[in-house]
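A.B. asks: when you get a sec, could you give me coordinates for this:
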Amino acid sequence: MAKREYTRLTRARRYTGKSVGFISAASSSLWLGKDHLLLIESNGYSEGYKRFYFKDIQALIIRKTQLWFIRALILAGVALLFILVAIATREALASLYIVGSIGILFAIAALYDALAGPTASCSLRTAVQIEQLPSLNRVRRARKVLNRLRPLIADAQGSMTPEEILLRVQAGASPAAAPVSANPSPAAESPDTPPIIGS
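C.D. replies: Next comes the predicted model:
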C-alpha cells in the first residue's frame, strides 16, 4: 500500500476573498508534506496550490483578534431579542414556538462560537512573500499547527540557542538568516529580539 504524500492539518474553511473585482466566498486548507507545507485555496470554480518549503519559512505569525467576542455578543443579542418577542407573543402558540425556536438557535450559535475560543489572523512569511492562512482562524488551532511545524522547520533549517540569535542580530545579520529555534525561550521572544516564529 502506497504511503500518503500529504497529511491534513486543517479542514477546508470558508473565508471571504477578493476575486475579479468582487467579493466571493472561498475555502482554504493546509496540508503537511514531507518537506513542505501545502496551502490549497478553492473558490468553487478553480483550485490553487502554494507550497512553502520548511527551509524557506521565516515566521508563522499568530495575531489574536476580537472577532469571536463581537460575533458572540451579536448572536446573543439577536437570540435575546427573539426570545423576548416569543415571550411577548406567548398567547399565540404558533408564534411562541416559531420565534422562540429561532431565538434558541441563535443562542446555540453564540455558545458554540464562544466555546471555540478566540479568533486569530495568521500569516506565513518567507523571504519573498507574506501569505495569509485563513484556515488558521482560531488561536487554539493555530498554536496546535505551530507546535507541529516547529520541529520540522528546525530540522530543515537547524536550530540556534537564544544567545546565538541575539549575537547574530547584534552583529547586524538579517533576521531571515537566523534558523528557527526548536525550543524558544522567553529571551528569544523578547521585544529586543525579533521572533522567528511566534504567537
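
A.B. asks: C-alpha only now, for contacts and for neighbours.
C.D. replies: OK.

A.B. asks: tell me which stretches of the protein form helices.
C.D. replies: 67-88, 93-115, 139-157, 162-170 (DSSP state H).

A.B. asks: would you turn these into JSON lines with mean neighbour count?
C.D. replies: Formatted as JSON lines, the helices of the chain follow (neighbours: other Cα atoms under 10 Å):
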{"stretch": "helix 67-88", "mean neighbour count": "18"}
{"stretch": "helix 93-115", "mean neighbour count": "17"}
{"stretch": "helix 139-157", "mean neighbour count": "17"}
{"stretch": "helix 162-170", "mean neighbour count": "16"}
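
A.B. asks: looking at these, which is nearest to Ser29?
C.D. replies: helix 139-157 (12.1 Å; Cα to Cα).

A.B. asks: so what does that closest one touch, helix or strand wise?
C.D. replies: strand 59-65, strand 119-125 (3 or more Cα pairs under 8 Å, 6 or more residues apart in numbering; DSSP states H and E).

A.B. asks: specify the beta-bridge partners of Tyr49.
C.D. replies: Ile40 (DSSP bridges).

A.B. asks: count of residues packed around it?
C.D. replies: Tyr49 has 10 neighbours, counted by other Cα atoms under 10 Å.

A.B. asks: list the buried ones in the longest strand belonging to the chain?
C.D. replies: Counting by DSSP state E, the longest strand found in the chain is strand 22-32. For strand 22-32, a neighbour-count test (16 or more other Cα atoms under 10 Å) marks 26-32 as buried.

A.B. asks: same question for stretch 43-63.
C.D. replies: Here stretch 43-63 shows 43, 52-62 as buried, counting by 16+ other Cα under 10 Å.

A.B. asks: same question for stretch 114-130.
C.D. replies: Neighbour-count burial for stretch 114-130, counted by 16+ other Cα under 10 Å, picks out 114, 118-126.

A.B. asks: now could you export just the CA positions of it as CSV?
C.D. replies: Taking Å, rounded to 0.1, in the frame of the first residue of the first chain, the C-alpha atoms of stretch 114-130 are listed here in CSV:
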residue,chain,number,x,y,z
ALA,A,114,-17.7,31.4,22.3
LEU,A,115,-16.6,27.8,23.2
ALA,A,116,-14.5,27.6,20.1
GLY,A,117,-12.2,30.2,21.7
PRO,A,118,-10.5,33.4,20.5
THR,A,119,-10.2,34.0,16.8
ALA,A,120,-6.9,34.7,15.1
SER,A,121,-5.4,36.1,12.0
CYS,A,122,-2.4,34.0,10.8
SER,A,123,0.2,34.6,8.2
LEU,A,124,3.3,32.8,7.0
ARG,A,125,6.4,34.8,6.0
THR,A,126,9.2,33.7,3.6
ALA,A,127,12.0,35.9,2.1
VAL,A,128,9.7,36.8,-0.9
GLN,A,129,6.2,37.0,0.5
ILE,A,130,3.7,37.1,3.3
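
A.B. asks: so for the longest strand of the chain, mean pLDDT?
C.D. replies: Throughout strand 22-32, pLDDT has a mean value of 76.
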